[in-house]
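Enquirer: predicted structure and sequence below. I'll ask about it afterward.
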Amino acid sequence: MTTILFVLGSLTAIVSAMFVVTRRNPVHSVLSLIVCLLSVALLFLLLGAQFIAALQVIVYAGAIVVLFLFVVMLLNVREEDRVFHSSVSQKLSALALVLVILVEVLLVAVAGVAWLRKEEWLATGRLSFGTVQSVGRELFARYLFQFEVASVLLLVAIVGAVALVKKKQ
Amino acid sequence: MPVTVSHYMAVSALLFAIGVAGVLLRRNILVVLMSIELMLNAANLAFVTFARMLGGVEGQVIVLFVMAVAAAEVAVGLAIVLIVFRTRETTNVDEMNLMKW
Amino acid sequence: MLDYVWLVPAFPLAGVLTNVFLGGRLGKKFVSVVSCSSVALAFVMSVAVFIELLSLEPGLRHFERHVFTWFLSGNLRVDATLLVDPLSVLMMLVVSGVAFLIHVYSTGYMAEDPGYRRYFIYLNLFTFSMLTLVSGANFLLLYIGWEAVGLCSYLLIGFWYEKKSAANAGRKAFIVNRIGDFGFALGILLIFKTFGTLDFGAVFSQAGQLFPVGSGVITGITLLLFMGATGKSAQIPLYTWLPDAMEGPTPVSALIHAATMVTAGVYMVARCSALFVLAPVSMGVVAAVGLATAVYAASIGLVQNDLKRVLAYSTISQLGYMFLACGVGAFAAGVFHLMTHAFFKALLFLIAGAVIHALSGEQDVRNMGGLRKELPVSFWSFVVASLAIAGIFPFSGFFSKDEILWDTLQAGGPLLWAVGAVGVLLTSFYMFRLLFLVFYGRPRHGRQVHKSPLSIDIPLASLAVLSTIGGLVGAPMLFGRHFFKEFLGPVFAGGGAHATGASPSVAGHAAAVGVSHAVAGHAPAGLGTTSSVPDLAGRASHAAHIPVSELGMALVSVSIAVVGIALAHRFYVTSPDLPQRLKEKFKRAYSVVFNKYYVDEAYNAIFVRPTVALAAGLWRYLDALVIDGAVNGSASAVEMGSRALRRLQSGHLQNYALSVALGAVAVLLFWLTR
């Protein structure tokens, strides 16, 4: 069962990611992005990380993508006549680079280090793996400082965004 | 065949690669930003996979922070896009070249 | 008092510094007072030193005053030490005395020149340099003074630097001098290499002990030193600068190019007598060059029309006589002539200045005449000076020139004497030619004659007196003793064994032979010099000993001079058209001599133009293309590199992203393959 769901989720993610990158109309890209994010959330669920999956949907698909949509609508972005970069050299080198990255990461992931090929998942069967409590307990105990720093970061982002866009009166 | 870490890692790698391609090849600044989100997601997936594999919860904590950072970055990034759009009336990356020598 | 001898050069130096810093603000009067009094003080100090020196025993008249240690470098230790001995004190007296008179003269002569202060600064600087030159106790101090006087000569010749000919003359003087100085410097280096020291005392005393007569090293050294002397003292072949140097103000010509700087070469040869007597070949060269120059220059002076030029060639000629004296071993006689020549040649130049000043700048003798009445002081002084230079008894030049001729006869034989006598004839002829053309006859100048001020007349009169009585210190026939030679004797008695002269009357090379008047055995009929200390270390003369009396020879030379005067009188007073007729008859010979035997043109073609062409070629290719090319090329290489690198900053976001990604990939690769 999990296998099928996994295949489904991953295929959807990859396909929609391809769409994001290749669609001419930016709104289409945004919508594809939503699909991708939701598939990834499914994958998170399959991995047992419920909290993260929920966060993914709420924050990513719910807030960030909505923000994107707002801006797309606000700027009234049209369809483009040419999708990809004009410079041939840029295209070629980018493609080359992508291939290299892919190969690298795959090598690392799949064929590389021995312990990655383990079939065992240590956390399988542990019910408390992805729960809110377990994550929250760690977050507010050991990683409290980092948590506070992250909140400051968000504050800075808010202030920055507002300050940037403010029209001079 | 059971789903192993390698499978999840492969998915993550593919998503990441697609994200990189988008960043480097698209002309629309908004799509570029979206590709960045793709890359971040790929990273998140990898983190959670490792968290699951190793049994700890640290991986998920990191994912939380990554999401916070992603949100902040998107907010500011889009703010910048808005400003540039005000003056240049374009979302074409090629035309945002004030930093040219 | 001897301890304070350093004040002698110090006073003029103080004058320079004072005038440099304060003279600009305090006006002409201040400048003149400072500069003249500094030289006067130097003279007074020299007199004091002289008197104290006289109080010492003749053999002990040698004092060194160490002023400071200049540098210590390995084996070389050079001190700024001043030497007080008869020769240096004599030179100090002559230099400071004549310089003082000329300073006073200049206050009148240069009164209207805008560069007044600059002139006196240079003049004081020159006096300082010359005094350093003559009072140094080692070769380096001598060389410094030598170079410094060359510099001052350049500055003063080209004093009116806006005039192209003056600037060129200054440059020519400096460059020709430098050529000689090159030889001089090599000589000094060779001395250091040979003796390990540059101190006069050390070098001269060692020379006799370490080297035999005729040694190659000493010959080389002395020839190199003499090369310097030919440059500074305007002998063949480096004399060409002196006639051109007349572009400078006339007092400059009087001081530098008559009385002092040009005599530096003679001083140097005299000072190094200990070395020269060890190298008969060099002595021969010195004598030959001197004699040849004496006659050669006199011949050119015969036909020149510029008053100062004639005097310039006369100077060259008389310097030749001084070198002739040194070359035959009669160093004291050479220095004696140096002193008397300083008096009458400076006088002649100052008179020339007075005449030129009176005629508002006229220098061509063909346009003068009849100035006897209007410039009496000048006239009578000129008469005195001419008689002196022609060598008429009892004027100063008689004693000195006669002694030289006598010594030449003894050491070099009748042939050399005869050539010298020809020079005497020419000298008196051209001198009296000037006298008659400038002061006699009807005025041809058509100008208003300005009377000379006192500042001009007084120095003239003083020098005239000196030219009259100055020779009496060397008049053995009158006083039984040759004071001058006695005084200077110890300085030259330093040589070791010296040459047995080769047969002297052949090939014109005077062998360096000690000429001892005592040995020549003149009967003490009031004629023979009975100096107990001869010129050289009293060796017997091996030359053909001509058994004539000195008195007889004196009479002969005086009569030759009188013949010259009579000829001049004939040419220029009684039959004034005679010169013109002769000129037409010997047109080609005349034009060769008039054009100075085309030597300047030859030098120009052989040396100057190729060097200039070489320099131009080097500039165009080596400097402009290679060196500038390298410098500019490296700059443009950097520019091209930066232009290429600049393209990284395209301003395109995605290019930057690409670079970042590339970097990340590279790092990843690195970690993977580690």
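Expert: Received it, and whenever you're ready, just let me know what you need.

Enquirer: now the spatially closest residue to C:Pro9 that is not a sequence neighbour: which helix or strand?
Expert: Of all residues not flanking C:Pro9 in the chain, C:Leu131 sits nearest, at 4.0 Å (C-beta to C-beta, 6 or more residues apart in numbering or on different chains). Every residue, glycine included, has its C-beta placed from N, CA and C. Taking DSSP states H and E as the definition, one finds C:Leu131 inside helix C:116-135.

Enquirer: what distance separates that helix from the centre of its chain?
Expert: Relative to its chain's centre, helix C:116-135 lies at 14 Å (C-alpha atoms, centre = their mean, to the nearest Å).

Enquirer: for B:Gly55, what are phi and psi?
Expert: Dihedral angles phi and psi of B:Gly55 (degrees, to the nearest 10) take the values phi 80, psi 0.

Enquirer: ok, it - how many residues close by?
Expert: When neighbours are counted by other C-beta atoms under 10 Å in any protein chain shown, B:Gly55 registers 13.

Enquirer: report the contact partners of A:Leu33.
Expert: By C-beta atoms under 8 Å, 6 or more residues apart in numbering or on different chains, the contact set of A:Leu33 is A:16, A:20, A:65, A:68, B:34, B:37-38.

Enquirer: go again using 10 Å as the cut-off
Expert: The contact partners of A:Leu33, by C-beta atoms under 10 Å, 6 or more residues apart in numbering or on different chains, come to A:16-17, A:19-21, A:23, A:60-61, A:64-65, A:68-69, B:31, B:34-35, B:37-38, B:41.

Enquirer: which ones among these come in contact with chain C?
Expert: Counting by C-beta under 10 Å from any C-beta of the partner chain, B:Ser35 from those sit close to chain C.

Enquirer: distance check, the residue nearest the centre of chain A against B:Leu78.
Expert: In chain A, the C-alpha nearest the mean C-alpha coordinate belongs to A:Leu37, at 6.2 Å (C-alpha atoms, centre = their mean). Using C-beta to C-beta, to the nearest Å, A:Leu37 is found at 17 Å from B:Leu78.

Enquirer: so who does residue 15 touch?
Expert: This is for chain A. So A:Val15 contacts A:32, A:35-36, A:39 (C-beta under 10 Å, 6+ apart).

Enquirer: correction: the question concerned chain B.
Expert: A:10, A:13-14, A:16-18, A:36, A:39-40, B:38-46.

Enquirer: mark which of those residues are part of strands, please.
Expert: Judged by DSSP state E, the subset of these located in strands is empty.

Enquirer: give me the buried entries from those.
Expert: Listed as buried from the contacts of B:Leu15 are A:10, A:13-14, A:16-18, A:36, A:39-40, B:38-46; burial here means 16 or more other C-beta atoms under 10 Å in any protein chain shown.

Enquirer: check which helix or strand covers the closest residue to C:Pro237 other than its chain neighbours.
Expert: Leaving aside its sequence neighbours, C:Pro237 sits nearest to C:Thr230 (C-beta to C-beta, 6+ apart; 6.9 Å). If you go by DSSP H and E, C:Thr230 is part of helix C:216-232.

Enquirer: now swap in C:Phe71 and tell me
Expert: Counting by DSSP H and E, C:Phe71 is found in strand C:63-73.

Enquirer: poorly predicted segments of the stretch 451-600 of chain C, please.
Expert: Low-confidence segments of the stretch 451-600 of chain C, defined by pLDDT under 70: C:477, C:480-481, C:493-548.

Enquirer: tell me which residue of it lies closest to chain A.
Expert: Among all residues of the stretch 451-600 of chain C, C:Asp600 sits closest to chain A, at 73.5 Å; criterion: C-beta to the nearest C-beta.

Enquirer: what's the distance between that residue and chain B?
Expert: 64 Å (C-beta to the nearest C-beta, to the nearest Å).

Enquirer: show me the contacts for that residue.
Expert: C:172, C:240-241, C:243-244, C:608.

Enquirer: what does chain C put close to chain A?
Expert: When proximity is defined as C-beta under 10 Å from any C-beta, chain C approaches chain A at C:650, C:652, C:654-655, C:657-658, C:661-662, C:664-666, C:668-669, C:671-672.

Enquirer: so which elements touch the one helix or strand in chain A whose mean pLDDT sits lowest?
Expert: The weakest-scoring helix or strand in chain A, judged by mean pLDDT, DSSP states H and E, is helix A:88-106 (a mean of 77). Using 3 or more C-beta pairs under 10 Å, 6 or more residues apart in numbering or on different chains; DSSP states H and E as the contact test, the elements touching helix A:88-106 are helix B:5-25, helix C:653-673.

Enquirer: packing partners of the next helix or strand after that helix?
Expert: Scanning forward in sequence from helix A:88-106 by DSSP H and E, the next helix or strand is helix A:132-141. For helix A:132-141, the elements it packs on are helix A:50-55, helix A:144-165, helix B:58-88, judged by 3+ C-beta pairs under 10 Å, 6+ apart.

Enquirer: now those as TSV including distance to A:Val27, mean neighbour count and mean pLDDT?
Expert: As requested, these are exported to TSV (distance: least, C-beta to C-beta, whole Å; neighbours: other C-beta atoms under 10 Å in any protein chain shown; pLDDT from 0 to 100):
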stretch	distance to A:Val27	mean neighbour count	mean pLDDT
helix A:50-55	25	20	93
helix A:144-165	22	13	93
helix B:58-88	15	19	91
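
Enquirer: chain C is nearest to which of those?
Expert: Among these, helix B:58-88 comes nearest to chain C, with 10.6 Å by C-beta to the nearest C-beta.

Enquirer: and that closest one, anywhere near chain C?
Expert: No - using C-beta under 10 Å from any C-beta, helix B:58-88 stays clear of chain C, coming no nearer than 10.6 Å.

Enquirer: angle of that helix against helix A:144-165?
Expert: 10 degrees (axes from the mean of the first three to the mean of the last three C-alpha atoms, to 10 degrees).

Enquirer: now helix B:58-88, how far from the centre of its chain.
Expert: Worked out by C-alpha atoms, centre = their mean, helix B:58-88 lies 9 Å from the chain centre.

Enquirer: do that helix and chain A meet?
Expert: Yes - Helix B:58-88 is in contact with chain A by C-beta under 10 Å from any C-beta, via B:58-83, B:85-86.

Enquirer: show me what that helix is packed up against.
Expert: Counting by 3+ C-beta pairs under 10 Å, 6+ apart, helix B:58-88 packs on helix A:26-47, helix A:50-55, helix A:65-75, helix A:132-141, helix A:144-165, helix B:29-54.

Enquirer: so which of the ones you listed gets nearest C:Ile404?
Expert: Of all the helices and strands packed on helix B:58-88, it is helix A:144-165 that lies closest to C:Ile404, at 105.2 Å by C-beta to C-beta.

Enquirer: give me the angle between the helix holding C:Leu131 and strand C:63-73.
Expert: 100 degrees.

Enquirer: can I get the CA coordinates of helix C:116-135 in CSV?
Expert: Provided in CSV are the C-alpha atoms of helix C:116-135 (Å, rounded to 0.1, in the frame of the first residue of the first chain):
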residue,chain,number,x,y,z
TYR,C,116,73.6,90.1,-9.7
ARG,C,117,73.0,87.9,-6.7
ARG,C,118,73.2,84.7,-8.6
TYR,C,119,76.5,85.8,-10.1
PHE,C,120,78.1,86.4,-6.8
ILE,C,121,76.8,83.2,-5.3
TYR,C,122,78.4,81.3,-8.2
LEU,C,123,81.6,83.3,-7.9
ASN,C,124,81.8,82.6,-4.2
LEU,C,125,81.0,79.0,-4.8
PHE,C,126,83.8,78.8,-7.3
THR,C,127,86.3,80.4,-4.9
PHE,C,128,85.3,77.9,-2.3
SER,C,129,85.7,75.0,-4.7
MET,C,130,89.1,76.2,-6.0
LEU,C,131,90.4,76.7,-2.4
THR,C,132,89.2,73.2,-1.6
LEU,C,133,91.0,71.9,-4.6
VAL,C,134,94.3,73.4,-3.7
SER,C,135,94.2,72.7,0.0
